[in-house]
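Student: Compute the structure for the input listed below.
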Amino acid sequence: MERNSTTEAIVLVNRPYAELHRRVTLLSPDLGIFEAVVYGGRKGKLGGGLEPFTSGLFYLYHNRVRNSYSITDVLVNKDVRTLKSDFERICIANALAEIVMKMDGGGYQMLYTLLGDSLELLDDKQVPSKRIFTLFVWQFIQGMGLVDEFTCCPVCGKEYHQQQVLLFNSSLHAPCCQECADIDVPLGPGARRYLVVVQHLPIGTSSTVELSDQAQMRLYRYMVSYVTTLLGQGLKSLSLLTTEEFTQ
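Tutor: Modelled structure (predicted):
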């Protein structure tokens, strides 16, 4: 039994399938993360609507027996052209998609909105790409319920003092006091204050909160370490950046 349907979605990955087709991974607020085939997609009219990070309304054909989807048409909503012309922004965008796919755990409406807003910011060269990565990860781990208000240690309950440096507890996947830590991933007091300030702001608003280049780089490295700890491995997308680009 088959049926046609539509869904808003963002393209995460687009890769060849057989000789003429494409297999696309999408994030949808109602279908979650799923794959769909585009028959004849390697030369067909839908090519532009299947590019990674494109969002739009996707027309689907669902084969319920095989529980498989194919894309019959797409109405593009946002095509982030500026992002695609900047290597670092492409790497950051791929890293966001990689996080979404590897940490698939529900909350798809939140993820869809967060990823869409983040990609839109990445398409604006006035907003530093590493800041967008930092804010995306920060909101992502909040959505997963891994952080609190940063007032006390989630392990022992001891209240933090103003200048305290936090480390990391691998069991809770969260920052904690030094006594309860088993991983040396430091979060300084200045970075903690910044994260508290932007904690409940939309990502577009939080991206305008002032942050020095040095502090921004420290927070970026912290969030890379945080994600690496969560995944148990590094992000392949960020490894494409040169050492100079990654550490500047």
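Student: who touches the helix ranked longest in the chain?
Tutor: If you go by DSSP state H, the chain has its longest helix at helix 213-231. By C-beta atoms under 8 Å, 6 or more residues apart in numbering, the residues outside helix 213-231 that reach it are 99, 102-103, 128, 130-131, 133-134, 137-138, 141, 168, 170, 173, 183, 185-188, 190-191, 194-195, 211, 234-235, 238, 248. Yep, even glycine has a C-beta here, placed from its N, CA and C like the rest.
Student: hmm, try it at 6 Å
Tutor: 102, 130-131, 134, 137, 173, 185, 187, 191, 234 (C-beta atoms under 6 Å, 6 or more residues apart in numbering).
Student: what about whichever helix or strand comes after that helix, distance to the chain center?
Tutor: Downstream of helix 213-231, the next assigned helix or strand under DSSP states H and E is helix 236-239. Chain-centre distance of helix 236-239: 13 Å, with C-alpha atoms, centre = their mean, to the nearest Å.
Student: Equivalent analysis for stretch 186-206, please.
Tutor: Its chain's average C-alpha position is 17 Å from that of stretch 186-206, according to C-alpha atoms, centre = their mean.
Student: buried ones in the lengthiest strand in the chain?
Tutor: The residue-count maximum for a strand in the chain (DSSP state E) belongs to strand 2-17. With burial defined by 16 or more other C-beta atoms under 10 Å, the residues of strand 2-17 counted as buried are 7-12, 14, 17.
Student: The closest residue to residue 201 other than its chain neighbours in helix, strand or coil?
Tutor: Nearest-residue entry for residue 201: residue 209, 7.5 Å, with adjacent residues in sequence omitted and distances by C-beta to C-beta, 6 or more residues apart in numbering. Taking DSSP: H, G, I helix; E, B strand; the rest coil as the rule, one finds residue 209 in the coil state.
Student: burial of residue 119, as a residue count?
Tutor: Counted with other C-beta atoms under 10 Å, residues neighbouring residue 119 total 24.
Student: what about the helix or strand where residue 195 lies, average pLDDT?
Tutor: Taking DSSP H and E as the criterion, residue 195 maps to helix 189-198. What helix 189-198 shows for mean pLDDT is 94.
Student: And stretch 160-173, by the same measure?
Tutor: Average pLDDT, stretch 160-173: 94.
Student: picking up where we left off before, could you check the angle the helix holding residue 195 makes with helix 213-231?
Tutor: Put simply, helix 189-198 runs at 80 degrees to helix 213-231, going by axes from the mean of the first three to the mean of the last three C-alpha atoms, to 10 degrees.
Student: just checking, next helix/strand downstream of helix 189-198?
Tutor: helix 203-206.
Student: what does that next one contact?
Tutor: Defining contact as C-beta under 6 Å, 6+ apart, one finds that helix 203-206 is touched by 117, 135, 139, 198.
Student: List the buried residues in that helix.
Tutor: Buried-residue list, helix 203-206, by 16+ other C-beta under 10 Å: 203, 206.
Student: C-alpha coordinates for it, CSV please?
Tutor: Provided in CSV are the C-alpha atoms of helix 203-206 (Å, rounded to 0.1, in the frame of the first residue of the first chain):
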residue,chain,number,x,y,z
ILE,A,203,20.3,31.4,18.4
GLY,A,204,19.9,34.5,16.1
THR,A,205,19.7,36.8,19.2
SER,A,206,22.5,35.0,21.0
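Student: follow-up on the earlier one: neighbours of the residue nearest to residue 201, how many?
Tutor: 12.
Student: which regions of the chain sit below the pLDDT cut-off?
Tutor: By pLDDT under 70, the weakly predicted segments of the chain are 1-2, 41-48, 242-248.
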